[in-house]
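A.B. asks: Following is a predicted model, sequence given first.
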Amino acid sequence: MPDWIIILIKSAILLLVVVTTFAYSMLAERKVLGWMQLRPGPNRVGPWGLMQPAADAAKLILKEDLTPRTADPLIYRLAPFISLLTAFSVYAIIPFGASSAGTWAIGNVNAGILFLLAITSIGVYGITLGGWASGSKYPLLGSVRATAQMISYELGMSLSFIGVLILAGTTSLDGIVNAQAKWWFVVPQFIGFIVYIITAVAETNRVPFDLVEAETELVAGFHTEYSGLRFGLFFIAEYVNMLTVSCIASLLFLGGWNAPFGLDNLHVPGVIWFIIKVGFFMFFYMWLRATLPRFRYDRLMAFGWKFLLPLATLNLVVTAIIVAYMGH
Amino acid sequence: MAAFWILGITLIGSAIWCITNTKPVYSVVALLLNFAALAAMYLTLNAEFLAVIQMIVYSGAILILFLFVIALLSSGVTPFSVGPNKLPRIGIPAVVVLLIALGFLTYAVNRVTANAFANTSPTSPVGPVGTAGVFGSVADFGKALFTTYLLPFEITALVLMVAVIGVILLAGDQAPYVASQKQAEEVRREMREAILRGGE
């Protein structure tokens, strides 16, 4: 088979997997939130509420697609697609298992991590443009917040990556995971790991950094005016981004598909380990949402610039010095 | 080759869309498309690192700041109306400048191609991207930047640093740069009073 057919098939399968994961992580989130707040969560549609995502999808598709009179029609319609496109295109380079022939990834890009940063840095356009094009106050405020927040936290995030890159000596995601065969980078790069986890929550605009869509202040933030499937696209993008940062955290800091605690002789496929690690991060996100209150906006910016950024820089400098004197 | 033509047409089309649009935000979207097409063009030339950096720096950082400012300033403002046609008046200077630019470009291209083909053998490592020692890879780019071109790199960093300090000096504090703490206090008080007067 020619290469492009294989890539097409892989992409189709991956798309299906990611969308299904989105649907059920949404259900899982509602269930987990329910349990943490001592209530059952969705349990009416199908056994244990398992058909809830399908019901939600049907509702979103059948809803009227409103465009406010003051909105800019072209940009207003374009924005959700920018969000969705950037959210999905990251999966073109994420490897899900060890593979010499590239079975578990669509593309093995040498500049993997940088490509990832490039794509995620485009993601903010969907939110900014969507909020601007809605032509009303709350979305504009939400999108201005989003832009400032995402630019600020992206710096800390990039810096936390560089420590890992120095240790691994490569920017390819495959290479980074292979470099963790002995020690997961969460041990030598613990500060980097903490910075990454915090900035990743801020990048995906989740609690406690969800000022972009703070219900109590901004109605629904940048997507206030969106309804029906267009709102659905933003919603999918948010969850897919959550999944993406969980994947990156597993690849960069928790050894990707490497087995933990020397359990290599169990012969569990690497993909299973990877899924378990990603699932752990997804649960962590839900846990945060059930536990933490929202930041105040000025505190959020101060925390990003005055604490996380210097911390990440310090971590980078120390890592660089140690590697320069002791080798990898 | 097909990729070159598609990307080339996208590049020129989006550039024209960017400068002819009356809505600033549309221009930003056109420029975003332009940058993306340019990054893809770099990829077809095996310059993987340059493509990625193009996306991170220009699309991810600089352009989003443009959008930030434009979205804040122009929300709800009617698009600029088209002014009187000034093209006939600047026609002749424009043609002269264009010819000079084309001349320079032709000269530069000739020189570069002559030099490039003079010292490269057919087996020079332009091809599969990925490993070190291949044109455009991250490792080689970094090595060249931090050894051969270290001085220009550091000077650029210094210039950027100066710009950042300048911005902080101009905008960081309400008061402009003054010699003493006492004078600064005075300027602040004056500015506060001016703001209060303006609010009445």
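C.D. replies: Sure thing, it's come through.
A.B. asks: what are the ranges of the helices in chain B?
C.D. replies: Along chain B, counting by DSSP state H, helices occupy B:2-20, B:24-44, B:48-53, B:63-74, B:87-119, B:138-146, B:150-167, B:181-199.
A.B. asks: closest to residue A:121 out of the ones you listed?
C.D. replies: Among those, helix B:63-74 comes nearest to residue A:121, with 7.7 Å by C-beta to C-beta. All C-beta atoms are positioned from the backbone trio N, CA, C, and that covers glycine.
A.B. asks: if we can go back for a sec, most tightly packed of the helices of chain B?
C.D. replies: Comparing the helices of chain B by mean neighbour count (mean count of other C-beta atoms under 10 Å in any protein chain shown), helix B:48-53 comes out on top with a mean of 22.
A.B. asks: mind checking how far that helix is from the chain centre?
C.D. replies: 15 Å (C-alpha atoms, centre = their mean, to the nearest Å).
A.B. asks: what's the answer for stretch B:36-45, then?
C.D. replies: Worked out by C-alpha atoms, centre = their mean, stretch B:36-45 lies 16 Å from the chain centre.
A.B. asks: which residues touch that stretch?
C.D. replies: A:118, A:122, B:3-4, B:7-8, B:10-11, B:14, B:48, B:50-52, B:54-55, B:59, B:136 (C-beta atoms under 8 Å, 6 or more residues apart in numbering or on different chains).
A.B. asks: what element comes up after the strand or helix carrying residue A:150 heading to the C-terminus?
C.D. replies: Element membership of residue A:150, judged by DSSP states H and E, is helix A:137-168. Counting by DSSP H and E, the element after helix A:137-168 in chain order, helix or strand, is helix A:173-178.
A.B. asks: I'd like to check what contacts the helix or strand of chain A with the lowest mean pLDDT. Which residues are they?
C.D. replies: Scoring the helices and strands of chain A by mean pLDDT, DSSP states H and E places helix A:215-218 at the bottom, with a mean of 73. For helix A:215-218, the surrounding residues in contact (C-beta under 8 Å, 6+ apart) are A:138, A:141-142, A:211, A:224.
A.B. asks: next SSE after it?
C.D. replies: helix A:228-253.
A.B. asks: Any of the contacts of helix A:215-218 buried? List them.
C.D. replies: In the contacts of helix A:215-218, burial by neighbour count holds for A:138, A:141-142, A:211, A:224, counting by 16 or more other C-beta atoms under 10 Å in any protein chain shown.
A.B. asks: Of all pairs in those, which one is the farthest apart?
C.D. replies: Among the buried ones among the contacts of helix A:215-218, the pair separated by the greatest distance (C-beta to C-beta) is A:211 and A:224, at 14.1 Å.
A.B. asks: circling back: single out whichever of the buried ones among the contacts of helix A:215-218 has the smallest pLDDT.
C.D. replies: Lowest in pLDDT among the buried ones among the contacts of helix A:215-218 is residue A:211, which has 73.
A.B. asks: who touches the residue in chain B positioned nearest to chain A in this structure?
C.D. replies: Residue nearest to chain A within chain B: residue B:60 (2.7 Å; C-beta to the nearest C-beta). By C-beta under 8 Å, 6+ apart, the residues touching residue B:60 are A:117-118, A:121-122, A:124, A:154.
A.B. asks: for residue A:225, same thing?
C.D. replies: A:66, A:68, A:71, A:76, A:134-136, A:139.
A.B. asks: what do you get if the cut-off is 10 Å, keeping everything else the same?
C.D. replies: Taking C-beta atoms under 10 Å, 6 or more residues apart in numbering or on different chains, we find residue A:225 in contact with A:66-68, A:70-71, A:76, A:130-131, A:133-136, A:138-139, A:219, A:231.
A.B. asks: just the buried members of those?
C.D. replies: A:67-68, A:71, A:76, A:130-131, A:133-136, A:138-139, A:219, A:231.
A.B. asks: Find the residue closest to the residue of chain A found nearest chain B in space, skipping its chain neighbours.
C.D. replies: Closest to chain B within chain A is residue A:121: 2.7 Å, counting by C-beta to the nearest C-beta. The spatial neighbour of residue A:121 that comes closest, neighbours along the chain excluded (C-beta to C-beta, 6 or more residues apart in numbering or on different chains), is residue B:60 at 2.7 Å.
A.B. asks: mind checking how far the one you found is from residue B:107?
C.D. replies: For residue B:60, the distance to residue B:107 equals 35 Å [C-beta to C-beta, to the nearest Å].
A.B. asks: Look up how far residue A:24 lies from residue A:221.
C.D. replies: 25 Å.
A.B. asks: ok, these two, which is more surrounded?
C.D. replies: residue A:221 (25 against 14; other C-beta atoms under 10 Å in any protein chain shown).
A.B. asks: isn't the more buried one right next to residue A:213, touching?
C.D. replies: Yes: with contact defined as C-beta atoms under 10 Å, residue A:221 reaches residue A:213; the gap is 3.3 Å.
A.B. asks: Find the residues that touch each one of the two.
C.D. replies: Joint contacts of residue A:221 and residue A:213 (C-beta under 10 Å, 6+ apart) are A:127, A:131, A:138-139, A:142, A:145-146, A:205.
A.B. asks: Max pairwise distance over those: which two?
C.D. replies: Checking the shared contacts of residue A:221 and residue A:213 with C-beta to C-beta, the most distant pair is A:138 and A:205, at 15.0 Å.
A.B. asks: which sections of the stretch 1-150 of chain A are below the confidence cut-off?
C.D. replies: A:1, A:99-103 (pLDDT under 70).
A.B. asks: List, one by one, the residues from it near chain B.
C.D. replies: A:70, A:72, A:74-75, A:78-79, A:82, A:108-125, A:128-129, A:131-137, A:140, A:143-144, A:147-148, A:150 (C-beta under 10 Å from any C-beta of the partner chain).
A.B. asks: So how do I select the buried members of those residues in ChimeraX?
C.D. replies: The buried residues among the residues of the stretch 1-150 of chain A next to chain B can be selected in ChimeraX (16+ other C-beta under 10 Å) with this line:
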select /A:72,75,78,79,82,108,109,110,111,112,113,114,115,116,117,118,119,120,121,122,123,124,125,128,129,131,132,133,134,135,136,140,143,144,147,148,150
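A.B. asks: Residue A:295: which element?
C.D. replies: Using DSSP H and E, residue A:295 sits in no helix or strand.
A.B. asks: Check the one 3 residues further on too.
C.D. replies: For residue A:298, the element it lies in under DSSP H and E is helix A:297-302.
A.B. asks: burial of residue A:223, as a residue count?
C.D. replies: Neighbour tally, residue A:223, other C-beta under 10 Å: 27.
A.B. asks: can I assume residue A:287 is in contact with residue A:36?
C.D. replies: Yes: if you go by C-beta under 10 Å, residue A:287 and residue A:36 touch, sitting 7.5 Å apart.
A.B. asks: which non-adjacent residue is nearest the spatially most central residue of chain B?
C.D. replies: By C-alpha atoms, centre = their mean, chain B has its centre lying nearest to residue B:58, at 6.1 Å. Sequence neighbours aside, residue B:35 is the residue nearest to residue B:58 in space, at 5.0 Å (criterion: C-beta to C-beta, 6+ apart).
A.B. asks: So that neighbour is in contact with residue B:62, correct?
C.D. replies: Yes: when contacts are counted by C-beta under 10 Å, residue B:35 is listed as touching residue B:62 (9.2 Å).
A.B. asks: now the nearest residue to residue A:62 once chain neighbours are set aside: how far from residue B:21?
C.D. replies: Leaving aside its sequence neighbours, residue A:62 sits nearest to residue A:228 (C-beta to C-beta, 6+ apart; 7.9 Å). The gap separating residue A:228 from residue B:21 is 29 Å, by C-beta to C-beta.
A.B. asks: swap in residue A:202?
C.D. replies: From residue A:202 across to residue B:21, the span is 33 Å (C-beta to C-beta).
A.B. asks: and residue A:257, what does it touch?
C.D. replies: Taking C-beta under 10 Å, 6+ apart, we find residue A:257 in contact with A:95-99, A:104, A:177, A:180, A:250-251, A:268-275, A:277.
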